[in-house]
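Enquirer: build me a model:
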Amino acid sequence: MLNDTYGESFVAWFAERANEEFPHRDSNGPLFAHRYLSEVGYWQLFKELKADWEAVVILGGWSSPMTNQTLFMTTALRIPVFIWADHPHPRKRRWLAERSRRLYLAFLARLVSGFLACGQPTVEHLVSLGIARKKITNFPYWVELARDWSVPTRCLDEEAAKQPLRLLAAGRHVPVKQFEVAIRAVALANSKAGRVLATLTIAGDGPESESLKNLAQSLGCETTVSFPGWLEIRNVYEALGEADALVLTSRFDAFGVVVLEAMAAGRPVLASNGVIAALDRDEGSGAVLLHPAGDAAFLAKQIAELANDREQLRSASVAARSIAEQWPPERATKIVDEILARTNPNLRLLRNAKASTVRSSVNAEHGGSAAVATSGK
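Expert: Numbering: from 1, shown residues only. Below is the predicted model of the structure:
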């Protein structure tokens, strides 16, 4: 994406290569320049920042140790900084904790050049926390748009339409994802139909995996609910292509990139009202079907409607792809160029002896840790 535009000028810094909660392979390879602070240290970051007086930093989040140390460096060097933020968790906080949080954000807002919010709901939330709207730019996650895509096969073939609706759920098997709601909804939809109306594939792994499998077995869903384990990104896209729709039942999801991946593949999304990406991309066109978080009966009704109405599924599929096409990666580049144009990298306390041409953009979380990218105009 942005590395295609900025080339070698794009440098992403990650706190660590991976951790036990995200058992992915390191597939960055030669795609873009990147460093791991756990391996090269903060001193290396400081030296590279100091060596480039055109640097601009974009930090993924505001509450990690990496954020604090990087902000200390950028403040000393007077480097423009932007905070790229997911939607904060909406949990209730005690008065003192909430007051302290707002004071910290007010201080942070004066320190940084701006905030990049993951979606319009996050923009509004940050405004509600006291951050000036003029300092916030809507900058969600981005996914590639494949040229070739198709509506689900059941929309095109009468024989395929006789088969069960194929649903995909994907993510870490942890309590907040509430995959048990999806299992119960499929079981309920099938029970009410008196036949196998829908099947469910739950990709991923985590501490809840065994209990989810036990639930499926107890509900008699051994043949309709499957667990393929953790999938690499290319396999997720393959699974989306084979599915008819995506299901996301989280109690809260700070964004949910798989929503964007599904819509890029032309797949409608059945999501809870706690999934920020679904709220952000819901235009009322039928591409996103929302249900109250935790309401399996409501979700079961939506599943039955999609399974029994090929035209609704086709229309939802086309609408999903249409929304995805409004957010191509090229749009991200344009937004970054606009915010870089508003910065003044000449306000440097420690000027480097030799100017460089380093320019980059953004990277967000990797291995569960905040990330930073150095950037300049």
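Enquirer: ok, residue 178 - how many residues close by?
Expert: Neighbour count of residue 178, defined by other Cβ atoms under 10 Å: 23. (C-beta placed from N, C-alpha, C; glycine too.)
Enquirer: residues contacting it?
Expert: Residues counted as contacts of residue 178 (Cβ atoms under 8 Å, 6 or more residues apart in numbering) are 249-251, 272, 293-294.
Enquirer: among the residues you listed, which pair sits farthest apart?
Expert: Using Cβ to Cβ, the two most remote members of the contacts of residue 178 are 250 and 294, lying 10.0 Å apart.
Enquirer: anything in contact with each of those two?
Expert: Common neighbours of residue 250 and residue 294 are listed as 178, 272 (criterion: Cβ under 8 Å, 6+ apart).
Enquirer: looking at these two, which is more packed in?
Expert: Neighbour comparison, residue 250 and residue 294: the larger count goes to residue 250, with 24 against 15 (by other Cβ under 10 Å).
Enquirer: show me where the chain has its strands.
Expert: For the chain, the strands defined by DSSP state E cover 11-14, 33-36, 55-60, 81-85, 114-117, 136-138, 165-170, 198-203, 225-229, 245-248, 269-272, 288-291, 371-376.
Enquirer: got JSON lines for these, with mean neighbour count too?
Expert: Listed next are the strands of the chain as JSON lines, based on neighbours: other Cβ atoms under 10 Å:
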{"stretch": "strand 11-14", "mean neighbour count": "26"}
{"stretch": "strand 33-36", "mean neighbour count": "18"}
{"stretch": "strand 55-60", "mean neighbour count": "26"}
{"stretch": "strand 81-85", "mean neighbour count": "25"}
{"stretch": "strand 114-117", "mean neighbour count": "23"}
{"stretch": "strand 136-138", "mean neighbour count": "17"}
{"stretch": "strand 165-170", "mean neighbour count": "24"}
{"stretch": "strand 198-203", "mean neighbour count": "23"}
{"stretch": "strand 225-229", "mean neighbour count": "16"}
{"stretch": "strand 245-248", "mean neighbour count": "26"}
{"stretch": "strand 269-272", "mean neighbour count": "27"}
{"stretch": "strand 288-291", "mean neighbour count": "22"}
{"stretch": "strand 371-376", "mean neighbour count": "27"}
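Enquirer: and the pLDDT for the residue positioned nearest the centre of the chain?
Expert: Nearest to the mean C-alpha position of the chain, counting by Cα atoms, centre = their mean, stands residue 257 at 3.2 Å. Looking at residue 257, its pLDDT stands at 94.
Enquirer: phi and psi next, for the closest residue to it other than its chain neighbours.
Expert: Among residues not flanking residue 257 along the chain, residue 141 sits closest, at 4.8 Å (Cβ to Cβ, 6 or more residues apart in numbering). Dihedral pair for residue 141: phi -80, psi 160, per degrees, to the nearest 10.
Enquirer: report pLDDT for residue 141.
Expert: At residue 141, pLDDT is 93.
Enquirer: same check on residue 32?
Expert: Residue 32 is assigned 76 on the pLDDT scale.
Enquirer: then the one 4 residues further on?
Expert: Among the per-residue scores, residue 36 shows a pLDDT of 89.
Enquirer: tell me the contacts of it?
Expert: Applying Cβ under 8 Å, 6+ apart, we find residue 36 in contact with 13-17.
Enquirer: and the furthest pair within these?
Expert: Most distant of the contacts of residue 36, by Cβ to Cβ, are 13 and 17, 12.0 Å apart.
Enquirer: how close does residue 78 sit to residue 189?
Expert: According to Cβ to Cβ, to the nearest Å, residue 78 stands 59 Å off from residue 189.
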